[in-house]
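Asks: Give me the fold of what follows.
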Amino acid sequence: MEKPTALIIEDDRDIVILFRHVLDLVGYQTEIILHGKTAVERLSEEDMDVDVILLDLILPGVSGTEILHLIRSSERLKDKPVIVITGDSNAARNLEDQAELVLLKPVNLDQLTNLVKRLQPVSELATESPTDEITGLFNRSFFAGLMDYALARSKQIAFNHFAVLLTDIDQFKKIEEQLGADYSRLLLQDTARTLRRVLRPTDTIARMEGAQFAVLIEEVTNWDIPIYIANRILERLASNMEGKFIQSKSHVGIVLCDAGYFSVNEILKDVKVALSLAKAEGHGGYKFYARDEFNNAYDIDLISSLQSNQVMGQTPIKKREVTVKPIGTNQTSQVDFRL
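Replies: Alright, predicted model coming up:
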C-alpha cells in the first residue's frame, strides 16, 4: 500500500525535524517547504496530492494565513486536513474553524504523536525515541531527518552548503571481543562525551550503526570550517584513547553538500566512502570528498596550509580550480567545481 503524504510548510528547523521524525515513524512520506512563496507554487500544481498539510503561520514571502486561505478556497485542496502551528494564542482561536487542529508552540513529541494518530491512523504506530539508548546522542533515524532538512534548505536557498562528517572507533569489534560488551559500551559513552565537547552548539551529532558517529555542520560558508572541526575531533579522540591502552587510530570522512545531492542516502554513501579513504591511508587523519558539476565523486588533496595554522573562516566557498583524481583511476584532471 502506498504511504500517505504529508506536506510540512515551516521554516523553523527544530519543528520541521520533530514533525518529520514522527511522521516518518508512523508511515508517512514527507515533503519540506521552507518559504511561503515556494509553498504557494507547490500547492498550485495540478498534480499536487497530499494527505495532511502542516502549516506555520509565520513564513517568509507569503504568510501561513494567506496559504490557509488559498487551501480552503481551492476545490482540489479544500477538504485536506490542515494542522496549523503558531505561537500566537489569539491567532490560534481565530483559526479554529479553518484548521482541523491548531498547535501552540512549543510543540512536543507526545502532542505530535497523538495528533498524527487522530488525523490518519496507520496500521501500527512506532514509538522509537529520537535518541540512542547507549550514548544519549540522536539516533540514525532522527539524524536523517536533520540532513533531510539541510538538503531541502540547500535546494530552496541559493548557494547554501552544509557538511557531514563521519568518524568511528577503529577496531571496535576486536575491542569488544577482547574486552567484553560492558567495556565497549563504556567506550561508546566516553567517545560520545568527547565528541560533544569538541563540537559547537550549532553542530549536531548522532550515533549511527555500530561505533560510527556522524556530525552535521549547517550553514557552511567557508570550506575550512569542517576541516577545522575534523582536526579537533582527531586530536581529542587520539588523546582520549591514549590512556586506554587500545590500538585504535582516529579517522574522519568529510562531505561538503549542496543542492546537487538528491537524497540523504546519497550523502551517507559518500561520507562512508570518505571515511574508508581516510582509513585506507592507515596513519589516522581525514579525507574530504565532494562531487563535481558532472556528479562525479572525487577525493580532494587539500592544501597543506589548511591542515596547520590557518585561521578558521578565511577560505570562502567559491568556484575554484583544483587538481582532483577521480576515484578508481590513476589519471589526474582539472575540474572546476563549487567548494
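Asks: Please count neighbours and contacts with C-alpha atoms only from this point.
Replies: Noted.
Asks: List the residues that contact the nearest residue to residue 206 once chain neighbours are set aside.
Replies: Setting aside the residues directly before and after it, residue 206 is nearest to residue 138 in space (C-alpha to C-alpha, 6 or more residues apart in numbering), at 4.5 Å. Contact partners of residue 138, counting by C-alpha atoms under 8 Å, 6 or more residues apart in numbering, are 130, 131, 132, 205, 206, 207.
Asks: By pLDDT, give me the weakest of the residues you listed.
Replies: Minimum pLDDT for the contacts of residue 138 is recorded at residue 130 (80).
Asks: What's the local residue count around that one?
Replies: Using other C-alpha atoms under 10 Å, residue 130 has 19 neighbouring residues.
Asks: show me what contacts it?
Replies: 21, 138, 139, 141, 142 are the contacts of residue 130 under C-alpha under 8 Å, 6+ apart.
Asks: in which helix or strand would I find the first one?
Replies: With secondary structure defined by DSSP states H and E, residue 21 is part of helix 13-25.
Asks: ok, residues contacting the helix or strand following that helix?
Replies: Using DSSP H and E, the helix or strand that follows helix 13-25 in sequence is strand 29-33. Applying C-alpha under 8 Å, 6+ apart, the contact partners of strand 29-33 are 3-11, 16, 20, 23-24, 39, 149, 152.
Asks: Tell me, please, where in this structure the pLDDT is lower than the cut-off.
Replies: 1, 109-110, 112-128, 243-247, 290-339 (pLDDT under 70).
Asks: for it, what spans make up the helices?
Replies: 13-25, 36-43, 64-73, 89-94, 109-119, 140-156, 172-179, 181-198, 225-242, 264-281 (DSSP state H).
Asks: okay, the ones you listed, which one's buried deepest?
Replies: Of all the helices of the chain, helix 140-156 carries the top mean neighbour count, a mean of 22, counting by mean count of other C-alpha atoms under 10 Å.
Asks: quick one: that one to strand 29-33, angle?
Replies: Angle between the axes of helix 140-156 and strand 29-33 is 40 degrees (criterion: axes from the mean of the first three to the mean of the last three C-alpha atoms, to 10 degrees).
Asks: hang on, the earlier thing: could you dump the helices of the chain into TSV with distance to residue 256 added?
Replies: Below are the helices of the chain laid out as TSV (distance: least, C-alpha to C-alpha, whole Å):
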stretch	distance to residue 256
helix 13-25	20
helix 36-43	25
helix 64-73	33
helix 89-94	40
helix 109-119	31
helix 140-156	11
helix 172-179	27
helix 181-198	19
helix 225-242	8
helix 264-281	9
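Asks: So which of the ones you listed is nearest residue 100?
Replies: In terms of C-alpha to C-alpha, the element of the helices of the chain nearest to residue 100 is helix 109-119, at 8.6 Å.
Asks: May I have the beta-bridge partners of residue 5?
Replies: residue 29 (DSSP bridges).
Asks: contacting residues around it?
Replies: 28, 29, 30, 31, 49, 50, 51, 52.
Asks: quick one: it from residue 105, how far?
Replies: 23 Å (C-alpha to C-alpha, to the nearest Å).
Asks: For the residue nearest in space to the middle of the chain, give me its contacts.
Replies: Central residue check for the chain by C-alpha atoms, centre = their mean: the C-alpha nearest the mean position is that of residue 147, 1.6 Å away. Each residue near residue 147 by C-alpha under 8 Å, 6+ apart is listed here: 216, 264.
Asks: now with 7 Å?
Replies: Contacts were defined as C-alpha atoms under 7 Å, 6 or more residues apart in numbering; by that measure residue 147 touches residue 264.
Asks: what does residue 27 give?
Replies: residue 3.
Asks: switch to numbering from 49
Replies: Taking 49 as the first residue, the last one we looked at is residue 75.
Asks: List phi and psi for it.
Replies: Main-chain torsions, residue 75, degrees, to the nearest 10: phi 100, psi 20.
Asks: Tell me what residue 334 is bridged to.
Replies: residue 300.
Asks: And it, how close does it get to residue 255?
Replies: 19 Å.
Asks: Rebuild the contacts of residue 53 as a markdown table, extending it with distance to residue 305 and neighbour count.
Replies: Listed next are the contacts of residue 53 as a markdown table, based on distance: C-alpha to C-alpha, whole Å; neighbours: other C-alpha atoms under 10 Å:
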| residue | distance to residue 305 | neighbour count |
| --- | --- | --- |
| 76 | 26 | 22 |
| 77 | 23 | 17 |
| 78 | 21 | 21 |
| 79 | 19 | 16 |
| 97 | 29 | 15 |
| 98 | 28 | 17 |
| 99 | 30 | 18 |
| 100 | 30 | 20 |
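Asks: what's the most distant pair in these?
Replies: Among the contacts of residue 53, 76 and 97 lie farthest apart (C-alpha to C-alpha), at 13.3 Å.
Asks: Distance check, the nearest residue to residue 327 once chain neighbours are set aside against residue 238.
Replies: Distances taken as C-alpha to C-alpha, 6+ apart place residue 299 nearest to residue 327, at 6.2 Å, with adjacent residues excluded. Between residue 299 and residue 238 the computed distance is 17 Å (C-alpha to C-alpha).
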